[in-house]
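Student: below is the sequence, then the predicted model.
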Amino acid sequence: MSRKPVIAGNWKMFKTVPEALAFVRDIRQTIVGLEHVQVVLCPPFTALALMSDALRGSGISLGAQNVFWEDKGAFTGEISPVMLKDAGCSYVIIGHSERRQYFGETDEKVNQKIKAILGHALIPIMCVGETLDEREAGVTEKIVRAQTAAGLDGLAPEQVAQMVIAYEPVWAIGTGRTASDEDAQAVIAYIRDIVREQCGAAAAGNARILYGGSVKPGNTAGLMSKGDIDGALVGGASLKVESFAEIIKKTSEAKR
Ligand code: PGA
């Protein structure tokens, strides 16, 4: 089954609007012609609307880093799926480990957000992954199974088939430590098995499952040589045009 690879840049709380627009101008020139990789940029909320204009005709998609599940209402400080669509988004990162760790995002909230955004034809990028303590205690599979199963609870197989899941071991995020190609492939194949058990073979065969955690130009080719790894969610290395473009090129070569 051939799945179009996804390279998503998670900018976290970096870049003002002028910085974001300068990045878009440069990346558009750098990755011309790499059509068979789906590139997604996930800037802070403040840059979404203007980036959407700047990305028009580039083939690069826009994503948000979080969402609230209601369409509108008295929820001070929150942003709804309707607003993200309005700002030009087609993807939303859900359940990033930083949100789970610092902002009390539980598996139940992750599931609620996924249902809300699928209802607005936005594509979730659902993040799962174990901490260092959990890996050392040998419970990686248990953690990843619990997060994946809860996140997908109650979804139709056709919805899951459109989703992106990102396996991000927490100990590899922003640390310079990457999972080995083999470890990343093994956990991602395991996640695909969970999707198959819960949602069927078509959903498991179509859902894109990415690796995230210190992805850089130097480790991209190895990770992307693995059959179950359908791309990457990139933090630090997505902030510079040179490194992000290099990751896209290496993915394009590996998945051709
Ligand atoms: P990193 O972040 O690439 O800087 O490790 C990945 C992420 O948090 O999605």
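Tutor: Arrived safely, thanks for sending.
Student: rest of the way, CA atoms for contacts and neighbours
Tutor: Will do.
Student: is any residue of the helix or strand that Gly63 is a member of near the ligand?
Tutor: Using DSSP states H and E, Gly63 sits in strand 61-64. No: counting by C-alpha under 6 Å from any ligand atom, the ligand has no neighbours in strand 61-64; the shortest distance is 12.5 Å.
Student: next helix or strand past that strand?
Tutor: Next along from strand 61-64, by DSSP H and E: helix 81-86.
Student: now the very next helix or strand once past that following helix: how far from the chain's centre is it?
Tutor: Per DSSP H and E, helix 81-86 leads on to strand 91-94 as the next helix or strand towards the C-terminus. Mean C-alpha position of strand 91-94 versus that of the full chain (C-alpha atoms, centre = their mean, to the nearest Å) differs by 6 Å.
Student: please name the strands paired to strand 91-94 in the sheet, noting orientation.
Tutor: Sheet pairing of strand 91-94 (DSSP bridges) gives strand 61-64 (parallel), strand 123-128 (parallel).
Student: what's it in contact with?
Tutor: Strand 91-94 is contacted by residues 40, 42, 61-67, 110, 113-114, 117, 122-127 when judged by C-alpha atoms under 8 Å, 6 or more residues apart in numbering.
Student: when you scan it, is anything in it near the ligand?
Tutor: No: counting by C-alpha under 6 Å from any ligand atom, the ligand is not contacted by strand 91-94; separation bottoms out at 9.1 Å.
Student: mind checking how far the helix or strand following that strand is from the chain centre?
Tutor: Using DSSP H and E, the helix or strand that directly follows strand 91-94 along the chain is helix 97-102. On the basis of C-alpha atoms, centre = their mean, helix 97-102 sits 15 Å off its chain's mean C-alpha point.
Student: any idea of the mean pLDDT in helix 97-102?
Tutor: Mean pLDDT, taken over the full extent of helix 97-102, equals 97.
Student: so who does the residue of the stretch 1-150 of the chain found nearest the ligand touch?
Tutor: For the stretch 1-150 of the chain and the ligand, the shortest gap (C-alpha to the nearest ligand atom) falls at Asn10, measuring 5.6 Å. By C-alpha under 8 Å, 6+ apart, the contact set of Asn10 is Leu41, Cys42, Pro43, Gln65, Leu233, Val234, Gly235, Ser238.
Student: narrow those to just the buried residues.
Tutor: Listed as buried from those are Leu41, Cys42, Pro43, Gln65, Leu233, Val234, Gly235, Ser238; burial here means 16 or more other C-alpha atoms under 10 Å.
Student: also within reach of the ligand: list those from these.
Tutor: Filtering the buried ones among the contacts of Asn10 for proximity to the ligand by C-alpha under 6 Å from any ligand atom leaves Leu233, Val234, Gly235.
Student: report the beta-bridge partners for the first one.
Tutor: According to DSSP bridges, Ala8, Gly212 are recorded as the beta-bridge partners of Leu233.
Student: so it touches Arg208, yeah?
Tutor: No: assessed by C-alpha atoms under 8 Å, Leu233 is found out of contact with Arg208, at 11.5 Å.
Student: for the stretch 101-250 of the chain, what lies in contact range of the ligand?
Tutor: So far as C-alpha under 6 Å from any ligand atom goes, the stretch 101-250 of the chain lies against the ligand at Ala172, Ile173, Gly174, Gly212, Gly213, Ser214, Val215, Leu233, Val234, Gly235, Gly236.
Student: which residue in the residues you listed has the weakest pLDDT?
Tutor: Least confident entry in these, by pLDDT: Gly174, with 89.
Student: what's the separation between that residue and Arg256?
Tutor: In this view, Gly174 and Arg256 are 28 Å apart by C-alpha to C-alpha, to the nearest Å.
Student: mind listing the helices for the stretch 101-250 of the chain?
Tutor: Along the stretch 101-250 of the chain, counting by DSSP state H, counting those that start in this stretch, helices occupy 107-118, 132-136, 140-151, 157-162, 181-199, 201-206, 217-224, 241-254.
Student: of all the buried ones among the contacts of Asn10, which two lie farthest apart?
Tutor: Within the buried ones among the contacts of Asn10, Gln65 and Ser238 form the most distant pair, 13.9 Å apart (C-alpha to C-alpha).
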